[in-house]
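> Below are the sequence and a predicted model for it; my questions follow.
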Amino acid sequence: MDWNMRSASSRRKGRPQLDQLRAKIRDIAPGALPALPAPPGVQGQASGEVCELLDLQAGLHEVCPQDYLDTPSALAVQTGFFSQALRRQDRACPIVWVRRTGGRSQDFGQPYPLALRQWGLAPDRILLVEASETVDTLWAMEEALNAGAWLMGEIGSEHRYDLTASKRLHMAAQAHGALALILRSHDRVQPSAALTRWRISARPSPAEAWRGATGLPGMGAPCFRAQLERARGGPPRSFDIEWKHAAFHVLEPAPLANRPATDLPPAPAQRQIA
Amino acid sequence: MRRGQAVADAKSLEPGLQVESASPALDKRLLQALARACGRWSPWTAPDPGLPGEDGIVLDITGCARLFGGEEKLVTATLEAVREQGYVVHAAAAPTLGLAWGLARYAARQESSGFIITDTVSEPLNALPVEALRIGPVAEQLRRFGLKRVGDLAGLPRASLARRFGRELVARLDQARGLDEEVLNPLQPRTHYRARLRFPEALLLLDSIKQTVRETANTLCEQLDAHGQGLRRAELNLYRVDGKVLLVSLGTAAPARDPAHITRLFSEKLDRAEIDIGFGIDVVELRASETAPLNTQQSGLLDRDDMAPDTMARLTDRLVVRLGDDQVRRAARRESHIPERAAGWRRNNGNGTALAVRDSAPAPPLVAPQAEIDPDRPLLILARPEPAQAVAEIPDGPPRSFIWRRVRHLVHRAEGPERLAPEWWRDQLSPRSRDYFRVETREGRRFWLYREGLFGLETTTPEWFVHGAS
């Protein structure tokens, strides 16, 4: 009874304790809390705002595939995000790509140096590191960030990649103004200290009839559905993006033009927001 | 055939003649190696490069002769050893360097034994031709004046000789006569960089061993610093009390001279090596088995690379020490059009910098930038193509659906075929052409498939393989 009374009174007064706590957290970690609480689940934002979202800031970011088979697509989006952020940089910094032997994306093979250039990464700047243990993977990631390199990472298994480990990576990345972009697995995603987490699934690309093989249309620019599952200081969102001219562009919803074929499967159900 | 003959003339005389271009640098290195080998007769040796075919080696045998039973025996042994290698040699031993030089080149040829040993200076010197004075073109001028022997110069006044033929002639004459001193600049002995600590009480703890590694690394780096060298490969020898030697070795991506870095690498290695200390270790020795010149580097003003080059090299070292040599790799490409051969990841060979950012940059593109000729390839490629069951409308058409890893994919978009013929110049079992297709499934996932074997020409039942994704 007493507790109810107090909570009611604090609500009336605008919850001063909560405000105090918020102020304290802001002192400890500036930028950790949203300045303005935005209404969740807003669709149809201005395109410029979304483009800002696609430019990842220095720190730790995560990319997860929607499904196991979406892992290559998620890796492609990870590479695209990375090269986009690299291009904003006016200096040329080395890249360390840490993978775990036997990780999920290893099922689909090794990164192919000749293709990396198409995704905007210079292969000769990349140091590919493979470790068999998750501990070693995390250690290598942190060493790379502390040496001032940018990090492309893959977390094979989720255990040991917890709040502490991700916070360490985030702090190391922020201290050097570097981008750490990590690919996680599609299931059992635990909370982490990343700035954003994107869930990626492949989308059919527009057909280009004149490029196709016999009897089938050709492929347009690769398209993805990117769900911003978690963003520090912002609401979760979802939109379709395409990789064109070495950059990601947001596909505006156009219900009439570019209509999907009738035999398309229903769009994947929106996940519960973590 | 003679020296100075034109190649064309020599070839007309001997049609089967093999022509090799001269490489003075290699000759010099060979001569240096030979001079070093002569160090067994005297510690004071030096190569003396002359004209082609006239190279020499100078040995100061002062005080060495009695070790070999006299000068004659020493010179005979030296000549025999060098002749065994297939060289034609003559030798002379004389009180002055200049006299020995001239005797070996002009007088020793006439001797049946091939060498001359003399204790006097003026008499053999006067008999030598003027070329034996190491004066080069001046000898020709002297000959024009009728001065053919060194003895002819003996009576002439020094001042007019110097005025007419230059001071060098007089200086060389004095050196040959022993009136002026001449110092031989000998080869420096190869230095071995090593630091060693010996303990009366054996070390039993890993931590104390690491501490000694730090101290030995300090000493070693001082030695390296004095010679402007950096460490490429280091060996740590731990001598156990019972006589066994434990060896821990490591290499660095770039020449290193920082004791803290070396200590850190070794302590990481010692943690993982699981060495058996046994009853203790009483001698710790750190050796630089491979070194390379390391100069203090100056960073450029307009350097786009914001990071010091050795930061990356150190990162590579630490990663290699902990994860293993094969786990840290860089992109590499090869002249091939077979996709799995054309590009891949190669272990870090450590040619200076960890990332070949600077070394790879300068080569200008001949035809077009590399990005434009790069073929369209998937982001991920399987090390070994995996078989798939595919359905195609026509035998050489794109697949309409395929089953890969027990999952069925419906193909909605496809591009191809890109036909890659096998490399017939390589040994392969039943090489067959591949028709590559880039396909997109109904869900938008992209794969890279190929059909092995041309229908009708190479096979009637082509097989399908998945080779890449996205």
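Happy to help now that I have it. Residues are numbered from 1 along each chain as shown, chains lettered A, B, ... in the order given.

> On the three-state scheme, residue 197 is what?
If you meant another chain, say so; for now it's chain A. Here residue A:197 is recorded as strand under DSSP: H, G, I helix; E, B strand; the rest coil.

> Tell me the spacing between it and chain B.
20 Å (C-beta to the nearest C-beta, to the nearest Å). Heads up, the C-betas are built off the backbone N, CA and C, glycines and all.

> That residue and residue A:232, how far apart?
Note on residue A:197: its distance to residue A:232, by C-beta to C-beta, to the nearest Å, is 10 Å.

> same deal with residue A:184?
16 Å.

> Who has more neighbours out of those two?
The neighbour count for residue A:184 versus residue A:232, taken as other C-beta atoms under 10 Å in any protein chain shown, is higher for residue A:184 (26 against 17).

> so residue B:25 sits in a strand?
No: looking at residue B:25 with three-state DSSP, it is helix, so not inside a strand.

> count of neighbours near it?
Residues near residue B:25, counting by other C-beta under 10 Å: 8.

> where does residue B:448 fall, phi/psi-wise?
phi -130, psi 110 (degrees, to the nearest 10).

> Excluding chain neighbours, what is closest to it?
Distances taken as C-beta to C-beta, 6 or more residues apart in numbering or on different chains place residue B:468 nearest to residue B:448, at 3.7 Å, with adjacent residues excluded.

> tell me which element that neighbour is part of?
Here residue B:468, judged by DSSP states H and E, is contained in strand B:463-469.

> Also residue B:344?
strand B:343-347.

> And whichever helix in chain B runs longest, what's buried?
If you go by DSSP state H, chain B has its longest helix at helix B:206-226. In terms of neighbour count (16 or more other C-beta atoms under 10 Å in any protein chain shown), helix B:206-226 has its buried residues at B:209-214, B:216-217, B:219-221, B:223-224.

> Which strands or helices does the helix or strand following it pack on?
Remark: after helix B:206-226, the chain's next helix or strand is strand B:229-240, criterion DSSP H and E. Judged by 3 or more C-beta pairs under 8 Å, 6 or more residues apart in numbering or on different chains; DSSP states H and E, the packing partners of strand B:229-240 are helix B:206-226, strand B:245-256, helix B:259-273, strand B:281-293.

> try 6 Å this time
The contact analysis (3 or more C-beta pairs under 6 Å, 6 or more residues apart in numbering or on different chains; DSSP states H and E) places strand B:229-240 against strand B:245-256, strand B:281-293.

> which is the next helix or strand following the longest one?
Proceeding N to C from strand B:281-293, the next assigned helix or strand is helix B:309-323, under DSSP H and E.

> what's the angle between that following helix and helix B:259-273?
Per axes from the mean of the first three to the mean of the last three C-alpha atoms, to 10 degrees, the angle that helix B:309-323 makes with helix B:259-273 is 10 degrees.

> Now helix B:309-323: average pLDDT?
Per-residue pLDDT over helix B:309-323 has a mean of 84.

> same question, stretch B:393-400
The average of the pLDDT scores along stretch B:393-400 is 88.

> just stretch A:58-70 next, same as before
For stretch A:58-70, the mean per-residue pLDDT is 93.

> Name the residues that touch that stretch?
Contacts to stretch A:58-70, defined as C-beta atoms under 6 Å, 6 or more residues apart in numbering or on different chains, come from residues A:71, A:74, A:77-78, A:169-170, A:173-174, A:177, A:179-184, A:186, A:189, A:194-202, A:268, B:445.

> Likewise for stretch B:21-36?
Under C-beta under 6 Å, 6+ apart, the answer for stretch B:21-36 is B:45, B:47, B:55, B:57, B:187.

> out of those, which are buried?
Buried by 16+ other C-beta under 10 Å: B:45, B:47, B:55, B:57, B:187, out of those.

> near chain B, which residues of chain A show up?
Residues of chain A lying near chain B by C-beta under 6 Å from any C-beta of the partner chain: A:69, A:72-73, A:76, A:91-92, A:94, A:108-109, A:112-115, A:117, A:123-125, A:128-131, A:140, A:147-148, A:202-204, A:211, A:213-219.

> Can you say which of the residues you listed are buried?
Buried members of these, counted by 16+ other C-beta under 10 Å: A:69, A:72-73, A:76, A:92, A:94, A:108-109, A:112-115, A:117, A:123-125, A:128-131, A:140, A:147-148, A:202-204, A:213, A:216-219.

> Please name whichever of the helices and strands packed on strand B:229-240 is nearest to chain A.
Proximity to chain A (C-beta to the nearest C-beta) singles out strand B:245-256 among those, at 10.2 Å.

> Alpha carbons of the closest one, as PDB, please.
The C-alpha trace of strand B:245-256 is given here as PDB (Å, rounded to 0.1, in the frame of the first residue of the first chain):
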ATOM      1  CA  VAL B 245      68.400 -26.900 -23.300                       C
ATOM      2  CA  LEU B 246      64.900 -25.600 -23.900                       C
ATOM      3  CA  LEU B 247      64.500 -23.500 -27.000                       C
ATOM      4  CA  VAL B 248      61.800 -20.900 -27.600                       C
ATOM      5  CA  SER B 249      62.000 -18.900 -30.800                       C
ATOM      6  CA  LEU B 250      59.900 -16.300 -32.500                       C
ATOM      7  CA  GLY B 251      59.900 -14.100 -35.500                       C
ATOM      8  CA  THR B 252      58.800 -10.500 -35.900                       C
ATOM      9  CA  ALA B 253      56.900  -8.900 -38.700                       C
ATOM     10  CA  ALA B 254      59.300  -6.000 -38.900                       C
ATOM     11  CA  PRO B 255      62.700  -5.400 -37.500                       C
ATOM     12  CA  ALA B 256      62.200  -4.700 -33.800                       C
END
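
> any residue of that strand up close to chain A?
No: Strand B:245-256 lies out of reach of chain A by C-beta under 6 Å from any C-beta, never closer than 10.2 Å.

> Now do that strand: everything it contacts.
Under C-beta under 6 Å, 6+ apart, the answer for strand B:245-256 is B:230-239, B:265, B:269, B:273, B:275, B:292, B:294, B:310, B:313, B:316-317, B:350, B:352, B:354.

> returning to that earlier point: pull up the pairing partners for the strand holding residue B:468, direction included.
strand B:380-392 (antiparallel), strand B:446-452 (antiparallel) (DSSP bridges).

> Point out where the stretch 1-150 of chain A drops to low pLDDT.
Within the stretch 1-150 of chain A, the stretches with pLDDT under 70 are A:1-14, A:30-48, A:90.
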